[in-house]
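Chemist: next come a sequence and a model predicted from it.
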Amino acid sequence: MKAMFESLSDKLQSVFGKLNSHGTVTEKDLDEAMREVRLALLEADVNYKVVREFIGQVRERASGAEIFKSLTPTQQIVGIVNEELIALLGREQAPLNRSPQSPTIVMLVGLQGSGKTTLAAKIALHLRSRGDKPLLIAADIYRPAAVDQLQALGRQLSIPVFAEGTDISPETICQDGLLEARRIGATVMIVDTAGRLHIDEQMMDEVARLREQLQPAEVLFVADAMAGQDAVTAAAEFHKAVGTTGLVLTKMDGDARGGAALSIRAVTGVPVKFIGTGEKPDALEPFYPDRLASRILGMGDIVTLVERAQAAMGDENVKELERKMRTAQFDLDDFLTQMQRVKKMGPLGQLVGMLPGLGQIKKQLAVDELDDGFFKQIEAIIYSMTPAERRSPKIINGSRRRRISRGSGTEPRDVNQLLNQFEEARKIMKVMASSKGRGLSSLFR
């Protein structure tokens, strides 16, 4: 599956690669490059008005004589494109608005199917990890099983949910929910409102009444990034009718062209606050315009990668891993543990795309083909070993390999391949641990 922006990223890198091959850059070269960038953005389903303004800004800034006389004209043009992409996406990360008194109220609005209910739980989990005490409010009384779904998510994540069924008005549910939030000392109250398959007057009136009643610090429009320009149109309608304060893009791990993500902030004038990057409850990230622009241009995103690694491992685990690597005590049990943590960080294709330069050769690495089956095979092979074999893989001879392969349902060559991968990983990690005396933990500061 092609990740969102992969096609756009490939095309932009091709344009700039061609421009770079010229050595010097002329006005004609720049015009041709801008035509190709314009086509790439339109094919990615970016709003045509947004494309026109974006290209105009880049063209105006890049047409100065100093660019054409520069020794690195292509790099300067890419730099301008990067800066304009960041400006298009909102320049800086926009934090969640807070009320002066608890609880801070966050209303989620949007069309049915955009993932509001799941997102409510994701935001609650995200805020709890940062020290908040969230309460979820089940105010969608129209969609079948919406209340049950939110309650199930709350049980799964150990987050309290306030619900009063589907026979009471959303206004009463929210009023009672606010009393409950104050009673339990919740710092954030997240309201899951009803959606429709399309915009209608009844839905807008209800959302407007809830907004007037609750006076929330945030009204977040939840947009399905896979829906393309329909999501942009709906976001603009909601903002006009209700007065949204922020946007959340769900399903950003999908294979859509990505135009909605690049258009929605420019069309609505409202900042993107979060992006959903997967189905798991923790697959939610604060939105950083500079990081997304960097990924689109194939420059990677080391900061997000390190943040994910830190969340998956924790500081104490990093220090313990570094100690084992320095003292050559890193064994197959440690190898398995690290593989399992990598799984928690997200799809491998997504992670590789965050490494500068590797995004361009991701297809050659075939990382998208490394699914859960790949990890399960590694687990099965290691679990089929004795504790002594995991501690000291060098004792694994031919007969032990055959026994391990039978126990794991694999072939002896699969066992050999894993042992070779482990040895290579151990060599690399030992070098990393002792590199310039800084060690692995310096990456996480």
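Modeler: Ah, there it is.
Chemist: switch to C-alpha atoms for all contacts and neighbour counts from now on
Modeler: Will do.
Chemist: pull the distance from the strand or helix carrying residue 240 to the chain's centre.
Modeler: When secondary structure is defined by DSSP states H and E, residue 240 falls within helix 229-242. Relative to its chain's centre, helix 229-242 lies at 23 Å (Cα atoms, centre = their mean, to the nearest Å).
Chemist: do the same with stretch 137-146
Modeler: Averaged C-alpha coordinates place stretch 137-146 at 26 Å from its chain's average position (Cα atoms, centre = their mean).
Chemist: and the contacts of it?
Modeler: Contacts made with stretch 137-146 from outside it, assessed by Cα atoms under 8 Å, 6 or more residues apart in numbering, are listed as 117, 147, 150, 161-170, 173-174, 177, 189-195.
Chemist: if we use 7 Å, what do you get?
Modeler: Identification of contacts with stretch 137-146 by Cα atoms under 7 Å, 6 or more residues apart in numbering yields 147, 150, 161-163, 166, 170, 173-174, 177, 190-194.
Chemist: now swap in stretch 32-48 and tell me
Modeler: Residues from elsewhere that reach stretch 32-48, judged by Cα under 7 Å, 6+ apart: 8, 11-12, 15, 51, 55, 228, 257-260, 262-263.
Chemist: redo that, cut-off 8 Å
Modeler: For stretch 32-48, contacts defined as Cα under 8 Å, 6+ apart pick out 5, 7-8, 11-12, 15-16, 19, 51-52, 55, 59, 228-229, 257-260, 262-263.
Chemist: next one: stretch 98-115
Modeler: Identification of contacts with stretch 98-115 by Cα under 8 Å, 6+ apart yields 116, 120, 181-182, 185-199, 207, 211, 214-224, 234-235, 238, 250.
Chemist: on that earlier part again, going by contacts, tell me the helices and strands next to the helix holding residue 240.
Modeler: Packing partners of helix 229-242 (3 or more Cα pairs under 8 Å, 6 or more residues apart in numbering; DSSP states H and E): helix 201-214, strand 218-224, helix 259-268.
Chemist: tell me where the model's unsure across the stretch 251-400 of the chain.
Modeler: Applying pLDDT under 70 to the stretch 251-400 of the chain picks out residues 254-257, 299-329, 342-373.
Chemist: how about 50 then?
Modeler: 357-358, 361-362, 364-365 (pLDDT under 50).
Chemist: can you show me the helices along the stretch 51-200 of the chain?
Modeler: Per DSSP state H, counting those that start in this stretch, the stretch 51-200 of the chain carries helices over the ranges 65-69, 73-89, 116-128, 146-157, 170-184.
Chemist: the ones you listed: which one's closest to residue 275?
Modeler: When the helices of the stretch 51-200 of the chain are ranked by proximity to residue 275, the top entry is helix 116-128, at 9.7 Å, counting by Cα to Cα.
Chemist: tell me what that closest one is packed against?
Modeler: For helix 116-128, the packing partners by 3+ Cα pairs under 8 Å, 6+ apart come out as strand 104-109, strand 134-138, helix 146-157, strand 188-192, strand 284-286.
Chemist: can you tell me which of these is packed in deepest?
Modeler: With neighbours defined as mean count of other Cα atoms under 10 Å, those peak in mean count at strand 134-138, which reaches a mean of 28.
Chemist: tell me which strands that one pairs with, and in which orientation.
Modeler: Partners of strand 134-138 in the sheet, by DSSP bridges, are strand 161-162 (parallel), strand 188-192 (parallel).
Chemist: I'd like the ones you listed as JSON lines, with mean pLDDT and distance to residue 130 appended.
Modeler: JSON lines is the format used below for those (pLDDT from 0 to 100; distance: least, Cα to Cα, whole Å):
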{"stretch": "strand 161-162", "mean pLDDT": "97", "distance to residue 130": "19"}
{"stretch": "strand 188-192", "mean pLDDT": "97", "distance to residue 130": "12"}
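Chemist: closest one to residue 411 among those?
Modeler: Among the strands paired with strand 134-138, if distance is taken as Cα to Cα, the winner is strand 161-162, at 49.0 Å.
Chemist: what about the helices and strands packed on helix 116-128, which gets the closest to residue 409?
Modeler: helix 146-157 (33.0 Å).
Chemist: let me know the average pLDDT across that closest one.
Modeler: Taken as a whole, helix 146-157 has a mean pLDDT of 95.
Chemist: re the thing from before, comparing the helices of the stretch 51-200 of the chain, which comes out most buried?
Modeler: helix 116-128 (a mean of 22).
Chemist: give me the contacts around that one.
Modeler: Taking Cα under 8 Å, 6+ apart as the criterion, the residues outside helix 116-128 that touch it are 108-110, 133-136, 146, 149-150, 153-154, 157, 159, 190-192, 222, 250, 276, 281-284.
Chemist: where does residue 248 sit: helix, strand or coil?
Modeler: strand (DSSP: H, G, I helix; E, B strand; the rest coil).
Chemist: please name the bridge partners of it.
Modeler: With DSSP bridges as the criterion, the beta-bridge partners of residue 248 are residue 222, residue 274.
Chemist: that one reaches residue 218, doesn't it?
Modeler: No - with contact taken as Cα atoms under 8 Å, residue 248 and residue 218 are classed as non-touching, separated by 11.5 Å.
Chemist: tell me which of those two has more neighbours.
Modeler: Set side by side, residue 248 and residue 218 show unequal neighbour counts under other Cα atoms under 10 Å, the larger going to residue 248 at 26 against 22.
Chemist: next one, pLDDT for the more buried one please.
Modeler: Per-residue confidence for residue 248 comes out at a pLDDT of 94.
Chemist: please begin residue numbering at 3 from this point
Modeler: New numbering, starting at 3: the last item is residue 250.
Chemist: residue contacts, it?
Modeler: Contacts for residue 250 were tallied using Cα under 8 Å, 6+ apart; they are 222, 223, 224, 225, 274, 275, 276, 277, 278.
Chemist: only whichever of these are buried, select them in ChimeraX.
Modeler: Typed into ChimeraX, the next command selects the buried ones out of those (criterion: 16 or more other Cα atoms under 10 Å):
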select :222,223,224,225,274,275,276,277,278
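Chemist: export the contacts of residue 250 as JSON lines, with columns for distance to residue 429.
Modeler: Putting those into JSON lines (distance: Cα to Cα, whole Å) gives the following:
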{"residue": "222", "distance to residue 429": "48"}
{"residue": "223", "distance to residue 429": "48"}
{"residue": "224", "distance to residue 429": "46"}
{"residue": "225", "distance to residue 429": "45"}
{"residue": "274", "distance to residue 429": "42"}
{"residue": "275", "distance to residue 429": "41"}
{"residue": "276", "distance to residue 429": "38"}
{"residue": "277", "distance to residue 429": "36"}
{"residue": "278", "distance to residue 429": "36"}
